[in-house]
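Asker: pasting a predicted model and its sequence here:
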Amino acid sequence: MEKNKKPVIDYDKIASQPSFKQLAKKKNSFLWTMTFIFLALYMLLPILTSYTDILHQKAIGDITWVWVYSAGLFIMTWGLAHFYVSKANKYDSDAKDIIAEYEGGRAK
């Protein structure tokens, strides 16, 4: 038997673990929420500019609210990306714990 041979991982067994199901549910909930917020705020721009005059009012000097809102979308995108990365790191840590749980139970 080879020394460097890695054990076979039963991915179906990992996927059936309650901790994995909980992580998947938590991650999917987070991703759907982020997606909804992102799309809602982006789709609001063309709706507000096409069907209302709200964003056509002057905000600062000759700059209208549409420019302020558009700049805010860039800031939001960067903010959501940074937030996602921090949450993804937490999910990666949780996934490592799930793998350790699987490896601990596999020996039994």
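Answerer: Sure, I can see it.
Asker: how confident was the prediction at Thr52?
Answerer: What the model reports as pLDDT for Thr52 is 94.
Asker: distance of it from Ser29?
Answerer: Thr52 sits 32 Å away from Ser29 when distances are taken as CB to CB, to the nearest Å. To be clear about C-beta, it is placed using only N, CA and C from the backbone, and glycine gets the same treatment.
Asker: what helix or strand does Phe38 sit in?
Answerer: Assignment of secondary structure by DSSP states H and E places Phe38 within helix 18-51.
Asker: low-confidence stretches in the protein?
Answerer: Judged by pLDDT under 70, the chain has its weakly predicted residues at 1-3, 106-108.
Asker: could you redo the last one with a cut-off of 80?
Answerer: Within the chain, the segments meeting pLDDT under 80 span 1-9, 105-108.
Asker: looking at it, which helix is longest?
Answerer: Ranked by residue count and defined by DSSP state H, the top helix of the chain is helix 65-106.
Asker: skipping adjacent residues, who's closest to Lys58 in space?
Answerer: Thr64 (5.8 Å; CB to CB, 6 or more residues apart in numbering).
Asker: please read the previous query as pertaining to Lys13.
Answerer: Using CB to CB, 6+ apart, the nearest residue to Lys13 is Tyr102, at 6.7 Å.
Asker: before we move on, what about Leu48?
Answerer: Using CB to CB, 6+ apart and skipping residues adjacent in sequence, the residue nearest Leu48 is Leu55, 5.0 Å away.
Asker: so what's the residue count around that neighbour?
Answerer: Taking other CB atoms under 10 Å as the criterion, the count of residues near Leu55 is 18.
Asker: Phe20 now?
Answerer: Counted with other CB under 10 Å, the neighbours of Phe20 add up to 19.
Asker: what's near enough to touch the residue nearest the centre of the chain?
Answerer: With the centre of the chain defined as its mean C-alpha position, the nearest residue by CA atoms, centre = their mean is Leu31, 4.1 Å away. Under the criterion of CB atoms under 8 Å, 6 or more residues apart in numbering, Leu31 has no contact partners.
Asker: many thanks, have a good one.
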